[in-house]
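[1] Sequence first, predicted coordinates after that:
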Amino acid sequence: MKISKKISKIGIIGYPIAHSLSPLIHQYWFEKYNVDAEYLSLEIAPDSLKSFFEDIDQYNLRGFNITIPHKVNALNYVDEIDQSAKTIGAINCITINNNKSLLGANYDAKGFMDSLISNYSENIFNKKPVIVIGAGGASRAILYSLINYGIKEIRLSNRTYEKSKILKKYFGNVIKIIPWDEKENSLNDCGLFINTTSQGMIGKDLLDMDISGLPREAIVIDLIYNPIDTDLIKRASLRGNKTLNGLPMLVYQAVPAWEAWFGIKPDVTKELLDLLEKALQ
């Protein structure tokens, strides 16, 4: 691939990459802030990740985002990582410094909390327990974010009990493991309900969970954004719960990346979110 060196370049690596919304986000900001830059979508297969990093200079990148399936393995190729990446055990952003060293960061946790606080009052859920469904990679970032925010009790339920035990051992007693067949009985005093699984995504099974025991003032969050309104979000809305899908988190995690690359903190506007929603239709 021949890459021009005339303008700044950032990008994203993943596999597959064709359906990523990241190019739309960054192109919107290029135009809004009059930044002369280009966003490259680089489809890198897992067995090509090592050679990508070996040849990274040819792309003339200022930095790049990292998505599935490279968030964990990319740790092996950076020179330094931030505290969130150390705790979460994955990176979703790399900044290339002037000396060519690679700084890895994870902005998923920050993106989650910023998206939540921007949509709802900062203290609306602060003193109440939170229930998190799922114990995969996305869950780890959410747990880190909640603990950093000061949540004192997080109820974690996952179909595979052993995965929950691993996260409890890592994060400590703030995590209370709820067996999968008892999860519906642990909702009555929760301020937040968060689905971190892929259940409900287009092409996947729905999240088979009764939420009738959840307080109506609780906020229901589904990290999925395709579809925008999952079955969980629809059911929660019908019973009067406030809801949030994963699209704002996707955008808010890109904000600190832009700050690192361009020294600009971009705004997350309704216009941008509407643009992304339209692209998903």
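    Arrived safely, thanks for sending.
[2] low pLDDT regions in this protein?
    Scanning the chain for pLDDT under 70 picks out 1-6, 124-126.
[3] Show me where it has its helices.
    Along the chain, counting by DSSP state H, helices occupy 22-32, 49-54, 83-88, 108-119, 137-149, 161-171, 231-238, 247-252, 254-262, 270-280.
[4] Out of the ones you listed, flag the one nearest residue 71.
    Residue 71 lies closest to helix 137-149 among the helices of the chain, at 6.8 Å (CB to CB). (C-beta placed from N, C-alpha, C; glycine too.)
[5] Just give me how far that closest one sits from the chain centre.
    Computed by CA atoms, centre = their mean, to the nearest Å, the separation of helix 137-149 from the middle of its chain amounts to 10 Å.
[6] Packing partners of it?
    If you count contacts as 3 or more CB pairs under 8 Å, 6 or more residues apart in numbering; DSSP states H and E, helix 137-149 packs onto helix 83-88, helix 108-119, strand 130-133, strand 154-157, helix 161-171.
[7] Go ahead and flag the most central residue of the chain.
    Among the residues of the chain, residue 108 comes closest to the average C-alpha position under CA atoms, centre = their mean, at 4.0 Å.
[8] ok, the closest residue to it other than its chain neighbours - contacts?
    Setting aside the residues directly before and after it, residue 108 is nearest to residue 141 in space (CB to CB, 6 or more residues apart in numbering), at 3.8 Å. Counting by CB atoms under 8 Å, 6 or more residues apart in numbering, residue 141 makes contact with 84, 88, 90, 106, 108, 109, 112.
[9] same deal with residue 16?
    Per CB under 8 Å, 6+ apart, neighbours of residue 16: residue 43.
[10] Next: residue 100.
    By CB under 8 Å, 6+ apart, the contact set of residue 100 is residue 57.
[11] let's see 10 Å
    56, 57, 79 (CB atoms under 10 Å, 6 or more residues apart in numbering).
[12] which of the residues you listed count as buried?
    The neighbour-count criterion (16 or more other CB atoms under 10 Å) marks residue 56 among the contacts of residue 100 as buried.
[13] Let's see which of the contacts of residue 100 end up in strands.
    When these are checked against strands (DSSP state E), there are no matches.
[14] Throw the contacts of residue 100 into JSON lines and include distance to residue 31, thanks.
    Shown next, in JSON lines, are the contacts of residue 100 (distance: CB to CB, whole Å):
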{"residue": "56", "distance to residue 31": "27"}
{"residue": "57", "distance to residue 31": "28"}
{"residue": "79", "distance to residue 31": "33"}
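[15] do you know how far residue 7 is from residue 94?
    19 Å (CB to CB, to the nearest Å).
[16] do residue 173 as well
    Relative to residue 94, and taking CB to CB, residue 173 is found at 34 Å.
[17] For these two, work out which one has more neighbours and name it.
    residue 94 (27 against 8; other CB atoms under 10 Å).
[18] okay, now the spatially closest residue to residue 36 that is not a sequence neighbour: neighbour count?
    Using CB to CB, 6+ apart and skipping residues adjacent in sequence, the residue nearest residue 36 is residue 7, 5.0 Å away. By other CB under 10 Å, 11 other residues sit near residue 7.
[19] and if you look at residue 35?
    Neighbour tally, residue 35, other CB under 10 Å: 17.
[20] quick one, what contacts it?
    7, 8, 10, 26, 29, 258, 261, 262, 264, 266.
[21] Which two among the residues you listed are spaced furthest apart?
    7 and 266 (17.9 Å).
[22] Out of the helices and strands packed on helix 137-149, which gets nearest to residue 205?
    That would be strand 130-133 among these, by CB to CB, at 13.3 Å.
[23] what's near enough to touch residue 15?
    Contacts of residue 15 by CB under 10 Å, 6+ apart are 42, 43, 44, 45, 46, 47, 48, 49, 67, 68, 69, 70.
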